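Novice: Provided below are the primary sequence and the corresponding predicted coordinates.
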Amino acid sequence: MISNFLKIRRCGRKIAQRGFTLVEILATFVLIAIIIPVVMEGISLSIKLGVKSRHQAEAGALAETRLAEMLLSGDYDNGKQSGDFETDGLDYTWSLEVKDWEKEGSMQQLIMTVDWTDSLGMDHSVELATLAYSEGESESE
């Protein structure tokens, strides 16, 4: 019984096999060796950017929440305040700078900055600013 993979030629009685040649296999290995590192670098970069984006979103949400708490409680004054957040994983710290708004005297500008250090030791920050009506100055006018 003759295998399906063998072909017999009657003239020279040569047996030819169907399949890949050594050159084709080596060329495939070379292409794979070039493509795999590039793909892995792309995957690694996308993971890093995803983690950074998640931290920025988390820091932004923390800044927004803390700034809203301070606005509702009225617990801010001219100058600077700071503290830290109780979070799982990274240590986020916040600082609030309150200053008079240049365009109108009865408004104050509140600038909330949230800082953190990533696992590589690089510092990052997110800054959020808003305006608040200053009740103290409007009564004196």
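Specialist: Noted; the coordinates are in hand.
Novice: Count residues in the vicinity of residue 45, would you?
Specialist: The tally of other residues near residue 45 (other Cβ atoms under 10 Å) stands at 10. C-betas here are computed from N, CA, C, even on glycine.
Novice: whoops, residue 126 was the one
Specialist: So residue 126, with other Cβ under 10 Å, has 21 neighbours.
Novice: In this model residue 59 seems to touch it, though I could be wrong.
Specialist: Yes. Between residue 126 and residue 59 a contact is recorded at 4.3 Å, counting by Cβ atoms under 8 Å.
Novice: residue contacts, residue 91?
Specialist: Residue 91 sits next to 84-85, 116-117 when contact means Cβ atoms under 8 Å, 6 or more residues apart in numbering.
Novice: hey, where'd the helices end up in this protein?
Specialist: 22-73, 135-140 (DSSP state H).
Novice: So for residue 101, which of the ones you listed sits nearest?
Specialist: Residue 101 sits nearest to helix 135-140 of all the helices of the chain, at 11.0 Å, using Cβ to Cβ.
Novice: Now do that closest one, average pLDDT.
Specialist: Confidence for helix 135-140, expressed as mean pLDDT, is 50.
Novice: what does stretch 59-78 give?
Specialist: The model assigns stretch 59-78 a mean pLDDT of 87.
Novice: buried residues in that stretch?
Specialist: Neighbour counts over stretch 59-78 (16 or more other Cβ atoms under 10 Å) mark 59, 62-63, 66-67, 70, 76 as buried.
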